[in-house]
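Peer 1: what shape does this take:
(one chain, ligands or ions: 2)
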Amino acid sequence: MQEQLYFAKKKLRQSRKITLNIPSGFSFNRGDSKNFNPVINFFKWDIKDCPVEIDFTGCSSANYQALSLIIPYCWHLKQNRCTISFKLDNKGDQSSSQMWRLMGSLGLFSVSTDHTINFKGYSKEKPLFAIRNSTDFKEALDAANEFSEKFGIEYQKTLRYVLAELLYNALEHGKKDFHYRGRRLLTPAILQYSWYERANEICIIVADIGVGIHSHLAQAYPGISSNEEALRLAIQPEISGTFGRHDPYTNRNNAGMGLFLSSNIIRKLRADMHIVSGDTVLHISPNDLTSRQLENKWHGTFVLITMKLDQGNIFALDQLMQELREKAESEVKSRISQQKDQRHYLEIFNYFGRNADDKQAAISYRDKYLLKAIEEGKVLVLDFGNVDSSPHSFLNALLASPIRRLGMQAYKKIKITRATPEIRETLDYVLDDNTSPEGVNQAKYDD
Ligand SMILES: Nc1ncnc2c1ncn2[C@@H]1O[C@H](COP(=O)(O)OP(=O)(O)O)[C@@H](O)[C@H]1O
Ligand SMILES: [Mg+2]
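Peer 2: Numbers count the residues shown, from 1 in each chain. Ligands and ions are numbered 1, 2, ... in the order given. Have a look, this model is predicted:
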C-alpha cells in the first residue's frame, strides 16, 4: 500500500516536470555590443516543487560566461525544492553541452553542499570557481594570478585588484543562504573567466543570487527609488551599503571604493564593464555610461568584464590608483559641499518623535526652516524612518504651504523616504490636495 502511494506520488511529480530549453544562441554577444535579454529571459525564477530538465540540445552556440549563470540558477531551483536534470548531447567540442562539461559544471550540486570541494574543470584557460569563504577567495585569486602572468605584470596586478573587489562584493553583499539537510550554508558566488586567444580578449564574470545592489544600498540610502539610481550610486566613491561593520579580510579601510576604483580602472584600460542587478544593466566604458532596462530580472548581481589585451595600453597600476584616489577625494569633497548647499534634510523622528503629531512644532519648523529652504531652491528630504504614525493635521501643517509655494515642482523638490504606507498615503493626499486648483485656493487650511 505504502509502496503504491510512493509510486503514485512519484508519478504525479514526474507529470509536473518542466523542461527549460536553452535557446539556440545563448550568449550576451551581439556583434560589438551586448544584449543580456536572450540569456536573462531563459531563467524562470518562480518554479517550485517539481522536476526541472535543462535541455542543452537545441543550443547551437553558447558562451562560457552566459552558461556559468545557469549554475547559481540551479542552486536557486534546488532551494525551491526542484530536482534538476540536464539533457546534453555529444555534438563536439564547440557545443554548449561540451562547454558545460568542460567547466566542471556537472559537479554543481556537490559544490553547493560540501564547501571543501570546488569545480573540477578541464581547462586552465576557461576555469570556474565557487566562492563561499576566504579560502575560495584566495585560491581563485591565486589561480587568476597564475593565469594572467602571461599578460604582463601590470595586467596581472590589475586583474587581481579588480577581481578581489568583485569577489569580495559578491561574498559580502550578495550573500544568500543555502539550506541543506537542516544546515544553513551559503549559496556560493561564482567566478568564470576565459581567454579568447584569437581575439586576444579576456572575459570575466562574477555572479551572485543575493539581494541585489538596490536592496543592499538602500540600507544606507533609503531614498533610492530605482535599480538604475542604485547602480549609478554604487560606482561613486565612498558610497557603501555596509556601515559600521568590520571588514573580515583585511583592514583595507576602503569602504565604498571598490566599484569606483574598479570601474575607473576598466575605463583606463579601454575595457568594458557591465553591472547587472535586478532588471537593470549599467554599462561602463571609456566613452559610455548608460543604463538599460532588461526584459526580465536577474535575481542578484553579476558583473561582466571584457578586456582586449595589448591595445598599446601603457599604464602603471600603482600610479593609476594614486590618481584615482585623488580624484575620489575631490569628488567626495565637492559632493559633500553640494549636498550641504542643495538639500535640506529633516529626520522626522529626531525632531518630532515616533508619533509625529505636534502640530505647533510642525508650524514653527516650517516657518523657521522649510520655507527658507524652498526660497533658496533646495530639495527637502524628509526621512520618516522609525516614525510609526503621523496624522493628517500634522503633515498638513508642516507641508501645505511649502507645497503651494512650489506648485507642481513639489513632486520633484520634496523627497520622502522610509515612510510607512499609511504615512505615505496621507502625504500623497496632502500633496495632491495642495497642488490641485481647489487646494491652492484653500489657504485657510494653511495652519
Ligand atoms: N554583489 C553585490 N550585491 C549587492 N550589493 C552590492 C554588490 N556589489 C556592490 N554592492 C553595493 O554597492 C556598494 C558599493 O560597493 P563598493 O564600491 O565595492 O563598496 P564597499 O564594498 O566597500 O561597500 C556596496 O556597499 C553594496 O551596497
Ligand atoms: Mg566592495
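Peer 1: tell me the residues of the stretch 151-300 of the chain that contact ligand 2?
Peer 2: N169, G258 (CB under 5 Å from the ion). C-beta: built from backbone N, CA, C; applies to glycine.
Peer 1: quick one: low-confidence ranges for the stretch 151-300 of the chain?
Peer 2: 243-254 (pLDDT under 70).
Peer 1: same thing but at 80, please
Peer 2: 222-223, 242-255 (pLDDT under 80).
Peer 1: show me what from it comes close to ligand 1.
Peer 2: 165, 169-170, 173-174, 208, 210-213, 216-217, 234, 239-242, 255-260 (CB under 6 Å from any ligand atom).
Peer 1: so of those residues, which ones are in helices?
Peer 2: E165, N169, A170, H173, I213, H216, L217, A234, G258, L259, F260 (DSSP state H).
Peer 1: which pair of the residues you listed spans the longest distance?
Peer 2: A170 and F260 (17.0 Å; CB to CB).
Peer 1: okay, the top strand by length along the chain in PDB with CA atoms only?
Peer 2: Using DSSP state E, we find that the single longest strand of the chain is strand 288-308. Only the C-alpha atoms of strand 288-308 are listed here, as PDB (Å, rounded to 0.1, in the frame of the first residue of the first chain):
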ATOM      1  CA  ASP A 288      29.900  55.400 -22.200                       C
ATOM      2  CA  LEU A 289      28.000  55.300 -19.000                       C
ATOM      3  CA  THR A 290      24.500  54.200 -19.800                       C
ATOM      4  CA  SER A 291      21.900  52.000 -18.200                       C
ATOM      5  CA  ARG A 292      19.200  49.900 -19.800                       C
ATOM      6  CA  GLN A 293      16.200  48.200 -18.500                       C
ATOM      7  CA  LEU A 294      16.100  44.400 -19.200                       C
ATOM      8  CA  GLU A 295      13.000  42.500 -20.100                       C
ATOM      9  CA  ASN A 296      13.400  40.300 -17.100                       C
ATOM     10  CA  LYS A 297      15.300  40.300 -13.800                       C
ATOM     11  CA  TRP A 298      18.500  38.600 -12.700                       C
ATOM     12  CA  HIS A 299      17.700  37.800  -9.100                       C
ATOM     13  CA  GLY A 300      21.000  39.000  -7.700                       C
ATOM     14  CA  THR A 301      24.000  40.800  -9.200                       C
ATOM     15  CA  PHE A 302      26.600  40.000 -11.800                       C
ATOM     16  CA  VAL A 303      29.500  41.900 -13.300                       C
ATOM     17  CA  LEU A 304      30.900  41.100 -16.700                       C
ATOM     18  CA  ILE A 305      34.200  42.500 -17.800                       C
ATOM     19  CA  THR A 306      35.600  42.200 -21.300                       C
ATOM     20  CA  MET A 307      39.100  43.400 -21.900                       C
ATOM     21  CA  LYS A 308      41.100  43.500 -25.000                       C
END
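Peer 1: which parts of it are buried?
Peer 2: 291-292, 294, 296-307 (16 or more other CB atoms under 10 Å).
Peer 1: any idea of the mean pLDDT for the following helix or strand past that strand?
Peer 2: Using DSSP states H and E, the helix or strand that follows strand 288-308 in sequence is helix 317-342. Model confidence over helix 317-342, given as mean pLDDT, is 83.
Peer 1: pretty sure R81 sits against I47.
Peer 2: No - contact criterion CB atoms under 8 Å: R81 and I47 do not qualify, at 9.9 Å.
Peer 1: neighbour-wise, which of these two wins?
Peer 2: Ranked by neighbour count (other CB atoms under 10 Å), R81 and I47 place I47 first, with 15 against 10.
Peer 1: who's in contact with the more buried one?
Peer 2: Neighbouring residues of I47 by CB atoms under 8 Å, 6 or more residues apart in numbering: I18, L77, N80, C82.
Peer 1: now do the helices in the stretch 101-250 of the chain.
Peer 2: Assigned by DSSP state H, counting those that start in this stretch, the helices in the stretch 101-250 of the chain fall at 108-113, 134-147, 153-173, 213-218, 227-234.
Peer 1: can I get those helices in a markdown table including mean neighbour count?
Peer 2: Formatted as a markdown table, the helices of the stretch 101-250 of the chain follow (neighbours: other CB atoms under 10 Å):
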| stretch | mean neighbour count |
| --- | --- |
| helix 108-113 | 18 |
| helix 134-147 | 16 |
| helix 153-173 | 21 |
| helix 213-218 | 22 |
| helix 227-234 | 21 |
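Peer 1: need those in TSV (columns: distance to A62).
Peer 2: Putting the helices of the stretch 101-250 of the chain into TSV (distance: least, CB to CB, whole Å) gives the following:
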stretch	distance to A62
helix 108-113	16
helix 134-147	21
helix 153-173	23
helix 213-218	27
helix 227-234	26
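Peer 1: what's the closest of the ones in helices among the residues of the stretch 151-300 of the chain next to ligand 1 to ligand 2?
Peer 2: G258 (2.8 Å; CB to the ion).
Peer 1: that closest one against L167, yeah?
Peer 2: No - here G258 does not reach L167: they are 10.2 Å apart, not a contact under CB under 8 Å.
Peer 1: of all of the stretch 101-250 of the chain, which residue lies closest to ligand 1?
Peer 2: G241 (2.4 Å; CB to the nearest ligand atom).
Peer 1: in the helix or strand hosting L380, what's buried?
Peer 2: According to DSSP H and E, L380 maps onto strand 379-383. For strand 379-383, the neighbour count (16+ other CB under 10 Å) marks L380, V381, L382, D383 as buried.
Peer 1: distance of the third one relative to D341?
Peer 2: So that's L382. 18 Å (CB to CB, to the nearest Å).
Peer 1: what do you get for S389?
Peer 2: Counting by CB to CB, the gap from S389 to D341 is 33 Å.
Peer 1: those two - which one has more neighbours?
Peer 2: S389 (13 against 10).
Peer 1: neighbours around the nearest residue to K44 once chain neighbours are set aside, how many?
Peer 2: Nearest non-adjacent residue to K44, counting by CB to CB, 6 or more residues apart in numbering: L20, 6.8 Å away. Counted with other CB under 10 Å, the neighbours of L20 add up to 17.
Peer 1: mind listing the strands the helix or strand that contains L20 pairs with, and their directions?
Peer 2: Element membership for L20 (DSSP H and E) is strand 18-21. As defined by DSSP bridges, the strand partners of strand 18-21 come to strand 51-55 (parallel).
Peer 1: in the partner strand, which residues are buried?
Peer 2: V52, I54, D55.
Peer 1: the last one is in contact with L20, isn't it?
Peer 2: Yes - distance between D55 and L20: 6.7 Å, which falls inside the contact criterion (CB under 8 Å).
Peer 1: endpoint to endpoint, stretch 266-277 covers what distance?
Peer 2: Separation of the first and last residues of stretch 266-277 by CA to CA, to the nearest Å is 19 Å.
Peer 1: identify the residues contacting it?
Peer 2: 28, 34, 36, 40, 158, 162, 212-214, 227, 230-231, 234-235, 259, 262-263, 281-286, 294, 298, 300-308, 311, 313, 315, 320.
Peer 1: many thanks, I have nothing further to ask.
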